[in-house]
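Novice: Predicted structure and sequence below. I'll ask about it afterward.
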Amino acid sequence: MKTPLCELLGIEYPVIQGGMAWVSDAYLAAAVSNAGGLGIISAMSSNAEQVTAEIRKAKELTDKPFGVNIMLMSPHIEGVAQAVIDEKVPVITTGAGNPAKFMPAWLEAGIKVIPVVASTGVAKLVERSGACAVIAEGGEAGGHIGESTTMVLVPQVCDSVKIPVIAAGGIGDGRGLAASLMLGAVGVQMGTRFLVADECTIHQTYKDKVINARDLCTIATGRRLGHPVRALKSPFSREMANLEYDMTVSNEEFERKGAGTLRLAAREGDELRGSFMAGQIAAMVKKQQPAAEIIKEVVSEAEAILNNADKWLGIKSV
Ligand code: TUI
């Protein structure tokens, strides 16, 4: 399988690993890049120094291209935006906002910028700012999400911009990759499936929760703050759901209750207080395996589907 995304990024398979705060470190990113996808280091939970160290670690672990995800709400945004330039990172993905302010400096440094968007409006804005592609992420995704589903967002973004579109949110296997290509995307970004990669360094409790998740096991909370977050149902996320419409709790208090809870889940496996962010495909994740195996499985499933797709055209009998 080859798509224009492979050429654009110099990768073998059209699969990007999502940049997940407190999760996507140099080990996971390098494993995905070594397997022919695009690994991504998350800069969300780090300052410039920590991101620089993580980038250098990844450079030691792989000679393939990898990227850094910059969350635009990060308190360390200014320093991190410069660190990726200094370290000559080839690809940046951004999330949770419009990266326009940083685009001139990144483009000047020759960095390929691929913003994550949740609407056609922001997709058009970032295209005008010089993005080389966009990741259209539907609300099936884990973490901070928009309103539209992947099924409706991806074709609408494809119709709104000329740059290549990558699908994200609700994609966990070859069916999702094949469907994304049919919607007009040139590849996919997956986060949740990589949570259980052998090379993912999160707490085993987090991995077990993803593997044991069933179809209705995630919940989005935080709409009252304007940025809903999808996570596995847990004592913490159920409490947040209860507080969502409790107006005796101020927005500031609500926000404070969420602070630090992703770290508690990812690094400490705190079942009571942790926020185990995951997408709706958690129910489809059945086993822990190497990142390379995940990529090979997803790509070969998609190839099998696409190779047999003309059965629906009446050319072959079903
Ligand atoms: O950013 C994500 N997912 C994330 S970030 C994150 S860290 C966090 N931790 C605790 C609480 C909240 C967040 C966990 N998951 N995905 C990319 C994404 N970007 N999804 C949606 C968007 C987005 C939303 C609005 C992109 C652009 C946008 O523009 C709106 C505007 O007005 O600028």
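Specialist: Done, it's in.
Novice: make it CA atoms for all contacts and neighbour counts henceforth
Specialist: Fine.
Novice: who in the stretch 1-150 of the chain is up against the ligand?
Specialist: By CA under 6 Å from any ligand atom, the residues of the stretch 1-150 of the chain that approach the ligand are 21, 71, 95-98, 116-118, 122, 143-146.
Novice: Could you rerun that using 5 Å?
Specialist: Residues of the stretch 1-150 of the chain that fall close to the ligand, judged by CA under 5 Å from any ligand atom: 95-98, 117-118, 143-146.
Novice: now, the most widely separated pair of the residues you listed?
Specialist: Across these, the longest distance by CA to CA is 17.5 Å; it joins 98 and 143.
Novice: the more surrounded of these two?
Specialist: With neighbours defined as other CA atoms under 10 Å, residue 98 and residue 143 compare such that residue 143 has more, 25 against 18.
Novice: and the more buried one, what does it touch?
Specialist: By CA atoms under 8 Å, 6 or more residues apart in numbering, the residues touching residue 143 are 228-231, 277-279.
Novice: just the strands in this protein please.
Specialist: 15-17, 39-42, 66-71, 91-95, 112-117, 134-137, 143-144, 165-168, 187-190, 218-221, 229-232 (DSSP state E).
Novice: where are the low-confidence patches of the stretch 201-318 of the chain?
Specialist: 315-318 (pLDDT under 70).
Novice: ok, now with 80
Specialist: Along the stretch 201-318 of the chain, the model assigns pLDDT under 80 to residues 314-318.
Novice: For the ligand, what is the nearest residue in it?
Specialist: residue 229 (6.2 Å; CA to the nearest ligand atom).
Novice: Check which residues of the top helix by length along the chain are buried.
Specialist: Under DSSP state H, the helix in the chain containing the largest number of residues is helix 291-307. Of all the residues in helix 291-307, those buried under the rule 16 or more other CA atoms under 10 Å are 291-292, 294-296, 298-299, 301-303, 305-306.
Novice: so the residue in the stretch 101-250 of the chain that the ligand sits nearest to bridges to which residues?
Specialist: In the stretch 101-250 of the chain, the residue that lies nearest the ligand is residue 143 (3.3 Å; CA to the nearest ligand atom). Bridge pairing for residue 143 (DSSP bridges) gives the partners residue 230.
Novice: Quick one: the helices in the protein, in order.
Specialist: Under DSSP H, the chain gives helices at 4-9, 26-34, 48-61, 77-86, 103-108, 120-129, 150-160, 174-182, 192-195, 204-212, 235-243, 251-258, 261-268, 291-307.
Novice: now the ones you listed in a markdown table, with distance to residue 313?
Specialist: Formatted as a markdown table, the helices of the chain follow (distance: least, CA to CA, whole Å):
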| stretch | distance to residue 313 |
| --- | --- |
| helix 4-9 | 26 |
| helix 26-34 | 36 |
| helix 48-61 | 46 |
| helix 77-86 | 48 |
| helix 103-108 | 44 |
| helix 120-129 | 32 |
| helix 150-160 | 22 |
| helix 174-182 | 15 |
| helix 192-195 | 32 |
| helix 204-212 | 37 |
| helix 235-243 | 45 |
| helix 251-258 | 50 |
| helix 261-268 | 46 |
| helix 291-307 | 13 |
